[in-house]
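1. What shape does this take:
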Amino acid sequence: MNKEKVWTRGFTILTLSNGLINVGVHMLTPAIPLYLVSLGALESQVGIVATSFLVASIVMRMAVNFLLAKTGKKLLLIMGVLINTVVMFFFGMVDSLGATAVLRAIQGMGFGITTTLTATMAADFLPDSRRGEGIGYFSMAIVLAITIGPALSLFILENLGFQLMFFTASGFSVIATIVLLFSEEPVIKGLSAPEEKEKPVFRWKNLYDSRLILPTFLIVLFGVSRSADQNFISIFAQEKGFANLAWYYPICTITMFCIRFIVGRFTDRKGRNWILIPGGFAMLALLITLSLAKSSGIMLLGAFFSGLGVGVLAPGMQLWMFSCVEPERRNIASTTYFNFMDVGIGIGAFSLGFITESAGYSVMFQTAAFAALLFIVLYVTIGREKTRI
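-> Take a look at the predicted model:
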């Protein structure tokens, strides 16, 4: 019996475009904190700017279902990518903390649209029997972007400066937009046209699904723990005088890339316990390692644990949330996943920045490690899948 296809035309184009979008976005991951520091910002102010991006993303994702009543997924996705493109172009033209925060918030609006719709459309294009495998492949485009983007960003910053780096990041979004023009609107099998086009109204059930309560809380904890290295690793390495920061991102990403070859299939066959529990321990190992880091070598060991943890938990949590709801409510599951991931990262960026200023990086990483430990405890005691282990 032949397997249903994963690499359809729609899924292939969407995966390629999403990878290009994320290269541009992740070029800003190490660059924005360094740019803000060059403007005289403190760690807490870096956290506030990161939070402005995340809050705007969250607000925009809440509006996606209502915007879809006016337009299709493809057109709305292109609009989100264009917002990203324009904002990244203008980053290099401002020289104040306030203006950078405003631009970062506007970019967050565009990114809120793109993250929600790309994940939802990917799930729509995939057959049920191979959805875990397909989401794993789809995630690899993001994994590659997390390697290429920061590494390219640091190379350009070292040799050519901030302005050209921002222009280059914008260029990747331009290419992503062109690629998207050749995509198609996904059709969810088994739904009639009226069901697909049902006009949303302002009801709680159209914003959130109560079946997602536990994974929602766990994704917040994952976001807090992830925020520690995502928002502060470049400043941490610079302050400690660690060499080879540029290697942090390739090691992290190569690890993610390798692990995601097996995550989707393993989840389809064995269940989520075999993915989420080890992923939680990997995040805990990352943060303990960074809290003890006295050399660049130890920091790079943390990069390995970061790639392992994020590479397992990001697709694993997303698949869990998709499995909790019906196909027609995947937009809500996707919105919830990305929104509460950003809530966690935002809480981390804001609070961990203040902890760093008052107590130092070691205590900050230890605080974030507590979030990873709580993730493990709650999943094992409450969320563990009972029938597939």
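
2. Neighbours of S358, how many?
-> When counting by other CB atoms under 10 Å, one arrives at 11 neighbours for S358. The C-beta positions use only the backbone N, C-alpha and C, and glycine is treated the same way.

3. which strands and helices sit next to the helix or strand hosting it?
-> Assigned by DSSP states H and E, S358 belongs to helix 330-359. If contacts are counted by 3 or more CB pairs under 8 Å, 6 or more residues apart in numbering; DSSP states H and E, helix 330-359 sits against helix 43-67, helix 97-125, helix 213-240, helix 296-323, helix 361-378.

4. Arrange these in CSV, one row each, with distance to L352 as further columns.
-> CSV is the format used below for the helices and strands packed on helix 330-359 (distance: least, CB to CB, whole Å):
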stretch, distance to L352
helix 43-67, 7
helix 97-125, 18
helix 213-240, 6
helix 296-323, 15
helix 361-378, 5
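
5. Out of those, which is closest to W247?
-> Closest to W247 of the helices and strands packed on helix 330-359 is helix 296-323 (CB to CB; 5.9 Å).

6. Specify the angle between the helix holding S358 and helix 296-323 in degrees.
-> 150 degrees (axes from the mean of the first three to the mean of the last three CA atoms, to 10 degrees).

7. what angle sits between helix 330-359 and helix 213-240?
-> Interaxial angle of helix 330-359 relative to helix 213-240 (the same axes, to 10 degrees): 40 degrees.

8. Now helix 330-359: average pLDDT?
-> In this model, helix 330-359 has a mean pLDDT of 82.

9. cool, and stretch 154-163?
-> Stretch 154-163 comes out at a mean pLDDT of 84.

10. So which bits of that stretch are buried?
-> By neighbour count with 16 or more other CB atoms under 10 Å, stretch 154-163 contains the buried residues L154, I156, L157, F162.

11. and for it, what are the contacting residues?
-> 30-31, 34-35, 38, 91-93, 164-165, 168, 245-246, 249 (CB atoms under 8 Å, 6 or more residues apart in numbering).

12. try 6 Å
-> By CB atoms under 6 Å, 6 or more residues apart in numbering, the surrounding residues in contact with stretch 154-163 are P30, Y35, G92, L164, M165, A246.

13. Can you flag which of the buried residues of stretch 154-163 belong to helices?
-> Using DSSP state H, the members of the buried residues of stretch 154-163 that fall within helices are L154, I156, L157, F162.

14. what about burial for the contacts of stretch 154-163, which qualify?
-> Counted by 16+ other CB under 10 Å, the contacts of stretch 154-163 give P30, Y35, G92, M165, A246 as buried.

15. any idea which of those residues is the one closest to I13?
-> I13 has its nearest neighbour among the buried ones among the contacts of stretch 154-163 in M165, at 27.2 Å by CB to CB.

16. and the strand or helix carrying L16, what does it pack onto?
-> Per DSSP H and E, L16 falls inside helix 9-38. Here helix 9-38 touches helix 97-125, helix 131-159, helix 162-180, helix 213-240, going by 3 or more CB pairs under 6 Å, 6 or more residues apart in numbering; DSSP states H and E.

17. before we move on, back to that, just so I know, which of the helices and strands packed on helix 330-359 lies nearest E4?
-> Closest approach to E4 among the helices and strands packed on helix 330-359 (CB to CB): helix 97-125, 11.1 Å.

18. just the angle between the helix holding L16 and helix 330-359, please?
-> Going by the same axes, to 10 degrees, helix 9-38 makes 20 degrees with helix 330-359.

19. can you state the direction angle for helix 9-38 and helix 162-180?
-> Using the same axes, to 10 degrees: helix 9-38 against helix 162-180 is 170 degrees.

20. Mean confidence (pLDDT) on helix 9-38, please.
-> pLDDT averaged over helix 9-38 gives 85.

21. to the chain's geometric centre, what's the distance from it?
-> 10 Å (CA atoms, centre = their mean, to the nearest Å).

22. out of the contacts of stretch 154-163, who's nearest W320?
-> Closest to W320, out of all of the contacts of stretch 154-163 and judged by CB to CB, is P30, at 29.9 Å.

23. what about the closest residue to that closest one other than its chain neighbours, neighbour count?
-> Counting by CB to CB, 6 or more residues apart in numbering, P30 lies nearest to S234, which is 4.1 Å off, once chain neighbours are set aside. S234 has 25 neighbouring residues, counting by other CB under 10 Å.

24. and if you look at G297?
-> 11.

25. go on, the one 3 residues further on?
-> Other residues within reach of L300 by the criterion other CB under 10 Å amount to 19.

26. re the thing from before, what's the most distant pair in the buried residues of stretch 154-163?
-> It's L154 and F162 that sit farthest apart of the buried residues of stretch 154-163, by CB to CB, at 11.6 Å.

27. how close does G360 sit to F232?
-> 12 Å (CB to CB, to the nearest Å).

28. Let me fix that, I meant to ask about G280.
-> For G280 relative to F232 (CB to CB), the value is 21 Å.

29. same question, V81
-> Taken as CB to CB, the span from V81 to F232 is 28 Å.
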